[in-house]
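*Asks:* show me the folded form of this:
(2 chains)
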Amino acid sequence: MELLVTIAKTVLYVAAVFGVTLLHVAYATYFERKVIGRMQGRIGPVEVGFRGLLQPFADMVKSLFKEDIIPAAADRTLFFLAPVIVVASVMTSLAVIPFFNNGAIANLNVGVLFIFAMASLAVYGIIVAGWSSNSKYSFFGSIRSAAQVISYEIAMGISLAGVFLMAGSVNLNDIVLAQREQPLGMFAVLQIVGFVVFVISAFAETNRTPFDLPEAETELVAGYLTEYSGFRYALFFLAEYISMYIMAALIALCYLGGWALPGFVTRALPFLEQVPGIIWFLIKVYAFMFFYFWVRATLPRYRFDQLMAIGWKILIPVSVVNIVITAFVKRWLM
Amino acid sequence: MLPEFFFGYFACAILGLAMLTVTRKNLVHSVLWMLLLFLHIACLYLFLNAEFLAVIQVIVYAGAILVLFLFLVMLLNLREEHEARRFVKAWQGRLAVCILLLTVIVISVYKAAVQPTGGYSITFINEMGHTKVLGTVLFNQYVLPFLMTALVLFVPMVAAIVLAMKERKR
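*Replies:* A predicted model of the protein is given here:
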């Protein structure tokens, strides 16, 4: 009986987290279009609903009712499976993110590594999508994307190792609690090198500008998405935005203090303890989401060889040096 | 009851998936079945409370090595199986290999220690956390084998780079 109650509670919590995330994703597209519109001297969506607030739903309805085109020479099973692999692996990562103290669906001891594992599974969806479409552009797009994601995963993992060393744990909840005890309240200051490397890798990992080479329109039409239409295209889109949220959440949790405020702030202003942790978490996540859109409106796209050179010749060596220095400092100075 | 049931499922699924992997005509399908196989192996590690190993299995084997397999299959554009000449035709050879492999497995099962020796008892590992114990043992007790493995992996990397450099000079 007790087991059933636990299962029912978990299922409800999972449904709530997924539902709320989907709503956030819908409005992230609105937020993005508004922000970029303002930055480019436009006003963004205004027609559907009050100030265009219903635009995401209009888009959703449109993409659901569009014709679902499957190329004649496609490998049908894999063509259907690819978006499912991407969305499923990205959504599973949501399970380990603590939105507030102990607020994760599953408080794993290897939380961060679990997110990496799921991210590396999402690569299969991309490769399979490109291969099964049986089209040159799709195939090149998927190969590019896979090469990019695999390369930047290394830099990302190594830069996070500095955080693991500082926190002495791989559990996301413990990492947040360890930051609160720091004199500066967050790892972003002491781990500034790892932080910068991680932020750059996060852009590459989610295929966002300036590293959105897999969908470089001028060269590859739409990369691995070329042959997809209707709701399958919408699923890839959904996965991209959820993975942006996950990267933003990882940055908030590992470098910006997560749902906690720095110890010295709560000691100076004790009433801030009353604010629920999820509010601080969301403020940090949305600050980073804004940064994503800001960069997209500002920077042009890199060339592919430049992208690989940045990843392998700068980010990976820098993050390795960062680990060594962090380890020495932790061992002898702290 | 429940653990046995799950172990039974994973054991059967691993065997079935391994069969699917080697019998598929299309190499990309074959690699994707292997991906599912690796995920099941990771789940078996989870049942042993080895969460770190499970995650590393997914990151390294499923996430890195298998993706390289997939790259290779695609770059060679092997859509259908090539009819390769069999290296050894005689069934006696295959049987001998199978028996040898079985012997190795039986010996290793027979030799396997149920209780870890030394200070690392199961309760101690559960208390410290699997990841921490693994790191401590690996970087203190087994630091020399670890470094030797790193060297072994470093040599082919240098070799690959040297080959690529020569190509560019021409």
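*Asks:* which other helices and strands contact the helix or strand hosting A:A58?
*Replies:* For A:A58, the host element (DSSP states H and E) is helix A:55-65. The elements that helix A:55-65 packs onto, with contact taken as 3 or more Cβ pairs under 8 Å, 6 or more residues apart in numbering or on different chains; DSSP states H and E, are helix A:2-39, helix A:230-254. For glycine as for every other residue, the C-beta is placed from the backbone atoms N, C-alpha and C.
*Asks:* so which of those is nearest A:A122?
*Replies:* helix A:230-254 (7.1 Å; Cβ to Cβ).
*Asks:* pull the distance from the closest one to the chain's centre.
*Replies:* How far helix A:230-254 lies from its chain's middle: 5 Å, per Cα atoms, centre = their mean, to the nearest Å.
*Asks:* that helix and chain B, are they touching?
*Replies:* No: judged by Cβ under 8 Å from any Cβ of the partner chain, helix A:230-254 stays clear of chain B, getting no closer than 14.7 Å.
*Asks:* state the mean pLDDT of that helix.
*Replies:* Here helix A:230-254 scores 88 as its mean pLDDT.
*Asks:* same check, this time on stretch B:159-168
*Replies:* The average pLDDT within stretch B:159-168 is 78.
*Asks:* in it, which residues are buried?
*Replies:* Counting neighbours by 16 or more other Cβ atoms under 10 Å in any protein chain shown, one finds that stretch B:159-168 has no buried residues.
*Asks:* that one: how far from the chain's middle?
*Replies:* Between the centre of stretch B:159-168 and the centre of its chain there are 28 Å (Cα atoms, centre = their mean).
*Asks:* and that stretch, anywhere near chain A?
*Replies:* No: applying Cβ under 8 Å from any Cβ, one finds stretch B:159-168 separated from chain A by no less than 11.5 Å.
*Asks:* which residues of chain B lie near chain A?
*Replies:* B:28-29, B:32, B:35, B:51-52, B:55-56, B:58-59, B:62-64, B:67, B:70-71, B:74, B:129-131.
*Asks:* by proximity to chain B, which residue of the stretch 1-150 of chain A wins?
*Replies:* Using Cβ to the nearest Cβ, A:S120 is the residue of the stretch 1-150 of chain A that sits closest to chain B, at 2.6 Å.
*Asks:* which element, helix or strand, includes that residue?
*Replies:* Counting by DSSP H and E, A:S120 is found in helix A:111-133.
*Asks:* what average pLDDT does the helix or strand following that helix get?
*Replies:* Downstream of helix A:111-133, the first helix or strand assigned by DSSP H and E is helix A:136-167. If you average the pLDDT over helix A:136-167, you get 85.
*Asks:* show me what residue of chain B gets nearest to chain A.
*Replies:* B:G63 (2.6 Å).
*Asks:* contacting residues for that residue?
*Replies:* If you count contacts by Cβ atoms under 8 Å, 6 or more residues apart in numbering or on different chains, B:G63 has them with A:116-117, A:119-121, A:123, A:150, A:153.
*Asks:* repeat for A:T21
*Replies:* By Cβ under 8 Å, 6+ apart, the residues touching A:T21 are A:91, A:94, A:242, A:245.
*Asks:* what does A:F57 give?
*Replies:* By Cβ under 8 Å, 6+ apart, A:F57 lies in contact with A:26, A:48.
*Asks:* can you pull the residues of chain A lying near chain B?
*Replies:* A:75, A:78, A:108-110, A:113-114, A:116-117, A:119-121, A:123-124, A:127-128, A:131, A:139, A:143, A:146, A:150, A:153, A:170.
*Asks:* kindly indicate whether A:F271 is helix, strand or coil.
*Replies:* helix (DSSP: H, G, I helix; E, B strand; the rest coil).
*Asks:* how much space between it and A:A161?
*Replies:* As for A:F271, its distance to A:A161 is 37 Å (criterion: Cβ to Cβ, to the nearest Å).
*Asks:* the two: which is more packed in?
*Replies:* More neighbours surround A:A161 than the other of A:F271 and A:A161, with 18 against 7 (other Cβ atoms under 10 Å in any protein chain shown).
*Asks:* which non-adjacent residue is nearest that one?
*Replies:* Excluding the flanking residues, the one nearest A:A161 by Cβ to Cβ, 6 or more residues apart in numbering or on different chains is A:I323, at 5.0 Å.
*Asks:* for that neighbour, give me its contacts.
*Replies:* Taking Cβ under 8 Å, 6+ apart, one finds A:158, A:161-162, A:165 in contact with A:I323.
*Asks:* got it, and A:Y124?
*Replies:* A:Y124 neighbours (Cβ under 8 Å, 6+ apart): A:85, A:89, B:32, B:35, B:67, B:70.
*Asks:* show me just the buried residues among these.
*Replies:* Here, 16+ other Cβ under 10 Å leaves A:85, A:89, B:32, B:35, B:67, B:70 buried among those.
*Asks:* out of the residues you listed, which are inside helices?
*Replies:* A:85, A:89, B:32, B:35, B:67, B:70 (DSSP state H).
*Asks:* out of the buried ones among the contacts of A:Y124, which comes closest to A:I69?
*Replies:* Nearest to A:I69 among these, with distances taken as Cβ to Cβ, is A:I85, at 19.9 Å.
*Asks:* isn't that closest one right next to A:S132, touching?
*Replies:* No: between A:I85 and A:S132 there is no contact under Cβ atoms under 8 Å: 11.1 Å.
*Asks:* state the helix or strand in which the residue nearest to A:A161 lies.
*Replies:* If you go by DSSP H and E, A:I323 is part of helix A:316-332.
*Asks:* what residues sit buried inside that helix?
*Replies:* Quick answer for helix A:316-332 (16+ other Cβ under 10 Å): A:316, A:318-319, A:322-323, A:326.
*Asks:* what of stretch B:21-32?
*Replies:* Under the neighbour-count criterion of 16+ other Cβ under 10 Å, stretch B:21-32 has B:21, B:24, B:27-28, B:30-32 buried.
*Asks:* does A:N107 count as helix, strand or coil?
*Replies:* coil.
*Asks:* and if you look at B:Y45?
*Replies:* Under three-state DSSP, B:Y45 comes out as helix.
*Asks:* how about it, nearest residue that isn't a chain neighbour?
*Replies:* B:A54 (3.9 Å).
*Asks:* no further queries at this time; thank you.
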